[in-house]
Structure formats: C-alpha cells, structure tokens
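1. fold the stuff below for me.
(one chain, ligands or ions: 2)
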Amino acid sequence: MRSIAEALASMLPAFSPLGEEEVRLTESSGRYLSRDVVARSDAPPFHNSAMDGYAVRAADVAAAVQSAPVRLPVSGEARAGGPLPAPLEQGTACRIFTGAPMPAGADAVVIQEDTDRDGDEVEIREASPAGKHVRAQGSDVRFGAPLLRAGDRLWPGEIGLLASQNIDRVHVFRRPKVALLSTGDELRQLGDDLEPGTIINSNIYVLTEMLHAVGAIPVALPAARDTLPEIEAALREALEADVVITTGGVSVGAYDFVQEAFKNVGIEPSFWKVRIKPGKPVVFAQHENKPVIGVPGNPISVMIAFEVLVGPCLRKMLGDPQPHPQPIVARLREDYHRRPGRVEIARAVATREGDDIIVTLHRLQGSGSLPSFVGVNALVILPADKADFAAGEQVETMLWGPGLTGKRSCFDDLS
Ligand code: AMP
Ligand code: MG
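-> Ligands and ions are numbered 1, 2, ... in the order given. Below is the predicted model of the structure:
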C-alpha cells in the first residue's frame, strides 16, 4: 500500500499539459497561459494627469507659496478622452483633469486645491516639482517588457492587464476532457423512479462539479452495470477522453469487476491502494500513457480521493506550475481518538477565533455519508501514525468550499 506522497509521485508524471490553444480573452477566465506575454505598448500609454488641477512647467511655479502665489494665464483645457491639448507655452497653465494627456512641455500638475481661478488666469499657491501628479508614459510597463509568464493563471487582474494592452486572444493550455464512468447495478439518474434497492448516482454530479472547479471538462458517461462486458465496453468509450475516472467496483467483492476489466482492456495498473482514509482502494493505471483512475463508490471516498490525488494531477495537466494545495495550521476544538494506520482526511468546520483558526470535526466521518459534507469548509489532515489528538492541538488543514466566512465584516472595527 502506498503513502499519499508515493501515490502522487507515481501519478503526476502521467499528467503533462496537453498542448495549447488560442482563445478569446473574454473566454479565458481561470485558464493557464501556455506562453509568456510581452507588453504591446507602454503603460500608461501616454503621460497623463493623476489629479484634477493645472498642468504647468515646474520651473514656472517653483517660487509659488501661500503668501506669494504665482499668477499664470490659462491657455487651454485637457480632459480624459477630449481633444489633445496644444503644447504648453512657457509661463502658462493648462486646465487638466484626471486621466487627460499632459500637454507637450508641461512636466507637473498643481492640484486644484492649491489654486484659485480668476477669469482667464489662475493663482498657484504651491510649487509642484517636475513629475508631480503625472503618470509618466511607460512607468508601469515598458513596450516589450514581460507582462505575464507561461503557467500564470488568468484571474480578473491578469485579464484586466491583458485587456488594457488591447490583447484580445491568448494562448492557454488545453483543458483535459475527463470521462466519468460510474459502475453499479444500483445506480439511477437524477429524476428516475427509485425502485427498492436502487440509489441515485450522486458521484457523477459531485465529480462533474469538482472537475468544473478545477477547470477540466467533464464527460459524463452512462453508468455501467456490474458485468465485465459492459464495463469493458464503457472503458473503451471512456478512453477517447484525455483522462478516465471510474467510480465503484474497484475492491474485492464478487461484483467488483473494474480490476479485471482494466486488465482485459489493456489498462496497466501501477497501484491499487493508498494509505488514505477514506478512499483506500484507489487505482492508478495507464492505457498507452493515458491516465485512468479508479476510485471506490462511496461518495465521500470519491471526494477525498479527488481532492487529495486527482485534483493536483489535473491542475498540473492544466498547466499549473503549483498544483498542490497548501494547508493552513488550525487547532482542534475537541479531543479526537481513532485507529492509526492511514492518513485521515477529516471533514470539519473552521472558524477564526482571535489569532487562531479552530476546527470542529464533523460528528459524521463515514465514507458514505453525504450529509457529512454539508457546511464543511475545512479538511483536517490527521497523520497516519497518531491515534490520539487533544483539544487545542495544531493540525494541518486544507480549506474547502467557501473557506473562512462570517456574519461580521472584518472592517467593522476599522476606522
Ligand atoms: P463499491 O465501491 O462499488 O463497492 O460501492 C461502495 C458503495 O458506494 C456502495 O454502497 C455503493 O452503492 C455506493 N456507490 C457506488 N457508486 C456510487 C455512485 N456512483 N453514487 C453514489 N453511491 C455509489
Ligand atoms: Mg459496486
């Protein structure tokens, strides 16, 4: 049986990025760049005013003070999006508003609050050194300079930056198509009548959501019944995708045919079990280098195996250079005792209490209990070799779902 680290070490090399495609910027949300992007223009693209006031030559107002203001004729006006201002004659000022291009020759802005307008003239009560309140062309980014790197994910800030550079198409890594094959005679679809002994195939809905969240493309196949021929045929179809995930039928019961079906279809396993709880019977296998993962049918095992093993692999395949979740340190609210042997991923509710994050383990920790995930915002990592945990003890914790949220705003106590 492998540790989680050993399992990941076998799996990750099989999940290389799939190559790139070009997409519109408006459809690039959450994607990972496959190429570096350099600036197409200076940013800001032209010298412009950071304030409302008057554009001047700094030398003309160098002597200005409250008690002896400098008086200048106002030669024109510059506003954002307006006509380009004429060059500024020496000894004059130009009315200017935030974002407006600086007139040629002007090198500083005096803010409106330090001036008094008097007809065609303005009194400047404060000196303004060269560059003051001016956003200089290229001061953020120079034409041709690196803007973003391959592997960067496109969040709103990155998309805004690219948009500001008039870059309307980007090269990103392809999103893997992930075939979802559930197995089990008992499985029915949402909306079906449930005869006695049948259950809804909830796993397919959970996995579809988890794949969307990671950024992969789910391909939900019809559930296969527990027969060898049906599972084999479904696997052959599933192998048209980039990655295959099967659920159920993976352990040693008389109706667990997944292992045998893998063999018959030429899917080579590298391991069958991982020291993780829940989710021990996880299979990782490959068909001509295409990754195939078999997870048990229990819904919680599916979610935990995805979060711990599959998610990092898929993020790597999507082009993420940092695909691993980074836990935070939290403290247990209550004692916890259990049988050691496997790393346990326990569902919990995390709350911020002063400087600490406190985690309360859910009273339901069974691998089939879907209500045990409701309201959960943290997965606590309990090391394999430890049986007893004391209240207040520090534990590594992965935030999950909504993360840390609260009724009160953290700004309530700030002025
Ligand atoms: P198995 O791994 O096939 O032995 O299934 C373990 C448990 O998970 C059984 O109680 C199954 O009924 C249940 N199960 C299997 N597949 C699914 C599924 N797709 N959705 C919900 N529960 C399932
Ligand atoms: Mg089954």
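2. report all helices and strands that whichever strand in the chain runs longest contacts.
-> The single longest strand within the chain, with elements called by DSSP state E, is strand 343-353. Applying 3 or more Cβ pairs under 8 Å, 6 or more residues apart in numbering; DSSP states H and E, we find strand 343-353 packed against strand 276-277, strand 356-361, strand 378-382, strand 394-399. Heads up, the C-betas are built off the backbone N, CA and C, glycines and all.
3. in the second one, which residues are buried?
-> Buried positions in strand 356-361, judged by neighbour count with 16 or more other Cβ atoms under 10 Å: I357, I358, V359, L361.
4. need the residues that contact it.
-> For strand 356-361, the surrounding residues in contact (Cβ atoms under 8 Å, 6 or more residues apart in numbering) are 328-334, 336, 346-352, 378, 380, 395, 397, 404.
5. quick one, it and strand 394-399 angle?
-> 80 degrees (axes from the mean of the first three to the mean of the last three Cα atoms, to 10 degrees).
6. M11: what secondary structure?
-> Secondary structure for M11, judged by DSSP: H, G, I helix; E, B strand; the rest coil, is helix.
7. the residue in the stretch 51-200 of the chain that ligand 2 sits nearest to: how many residues sit nearby?
-> Here the stretch 51-200 of the chain gets closest to ligand 2 at one residue, G184, 4.2 Å apart by Cβ to the ion. Neighbour count for G184, taken as other Cβ atoms under 10 Å: 19.
8. wait, what's in contact with it?
-> Contacts of G184 by Cβ under 8 Å, 6+ apart are N201, A223, R225, D226, G248, G249, G297.
9. wait, what's in contact with the last one?
-> Right, G297. So G297 contacts S182, T183, G184, N203, T247, G248, G249, V250 (Cβ under 8 Å, 6+ apart).
10. switch the helices and strands packed on strand 343-353 over to TSV; also include distance to ligand 1 and mean pLDDT.
-> Below are the helices and strands packed on strand 343-353 laid out as TSV (distance: least, Cβ to the nearest ligand atom, whole Å; pLDDT from 0 to 100):
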stretch	distance to ligand 1	mean pLDDT
strand 276-277	15	94
strand 356-361	22	98
strand 378-382	20	98
strand 394-399	23	98
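11. got those strands as CSV, with distance to H324 columns?
-> Formatted as CSV, these follow (distance: least, Cβ to Cβ, whole Å):
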stretch, distance to H324
strand 276-277, 15
strand 356-361, 20
strand 378-382, 13
strand 394-399, 10
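12. what sits up against stretch 385-397?
-> 327-340, 348, 350, 357, 359, 378-382.
13. how about that stretch as PDB, C-alpha atoms only?
-> Only the C-alpha atoms of stretch 385-397 are listed here, as PDB (Å, rounded to 0.1, in the frame of the first residue of the first chain):
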ATOM      1  CA  ASP A 385       0.800   7.100  12.900                       C
ATOM      2  CA  LYS A 386      -1.100   9.100  15.500                       C
ATOM      3  CA  ALA A 387      -4.200   7.700  17.400                       C
ATOM      4  CA  ASP A 388      -4.900  10.500  20.000                       C
ATOM      5  CA  PHE A 389      -5.400  14.100  19.400                       C
ATOM      6  CA  ALA A 390      -6.000  16.600  22.100                       C
ATOM      7  CA  ALA A 391      -8.200  19.700  22.100                       C
ATOM      8  CA  GLY A 392      -6.100  22.700  21.200                       C
ATOM      9  CA  GLU A 393      -3.500  20.600  19.300                       C
ATOM     10  CA  GLN A 394      -2.300  22.000  16.000                       C
ATOM     11  CA  VAL A 395      -3.300  20.300  12.800                       C
ATOM     12  CA  GLU A 396      -2.700  21.000   9.100                       C
ATOM     13  CA  THR A 397      -5.900  21.900   7.400                       C
END
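14. so Q259 makes contact with P269?
-> Yes - Q259 is within contact range of P269, at 7.4 Å (criterion: Cβ atoms under 8 Å).
15. thought C94 was touching P73?
-> No - using Cβ under 8 Å, C94 makes no contact with P73, being 10.3 Å away.
16. any idea where the helices of the stretch 151-300 of the chain begin and end?
-> 156-164, 202-214, 228-238, 258-265, 299-305 (DSSP state H, counting those that start in this stretch).
17. among the ones you listed, which is the most enclosed?
-> helix 299-305 (a mean of 25; mean count of other Cβ atoms under 10 Å).
18. show me where pLDDT drops low in the stretch 151-300 of the chain?
-> By pLDDT under 70, the stretch 151-300 of the chain has no low-scoring segment.
19. which positions in it make contact with ligand 1?
-> Contact residues, the stretch 151-300 of the chain versus ligand 1 (Cβ under 6 Å from any ligand atom): 182, 184, 186-187, 199, 201-203, 247-251, 253, 296-299.
20. quick one: buried ones out of the residues you listed?
-> Here, 16+ other Cβ under 10 Å leaves 182, 184, 186-187, 201, 203, 247-251, 296-299 buried among those.
21. strands - which of these land there?
-> Reading strands off those with DSSP E, I get S182, L187, T247.
22. quick check: the closest residue to R142 other than its chain neighbours vs S164, distance?
-> Closest residue in space to R142, ignoring its immediate chain neighbours: D42 at 6.0 Å, by Cβ to Cβ, 6 or more residues apart in numbering. From D42 across to S164, the span is 11 Å (Cβ to Cβ, to the nearest Å).
23. cool, and P371?
-> Distance from P371 to S164, by Cβ to Cβ: 47 Å.
24. and if you look at V274?
-> Taking Cβ to Cβ, one finds V274 at 46 Å from S164.
25. if we can go back for a sec, now tabulate the contacts of G184 in a markdown table and tack on distance to G138.
-> Listed next are the contacts of G184 as a markdown table, based on distance: Cβ to Cβ, whole Å:
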| residue | distance to G138 |
| --- | --- |
| N201 | 57 |
| A223 | 59 |
| R225 | 65 |
| D226 | 66 |
| G248 | 59 |
| G249 | 61 |
| G297 | 59 |
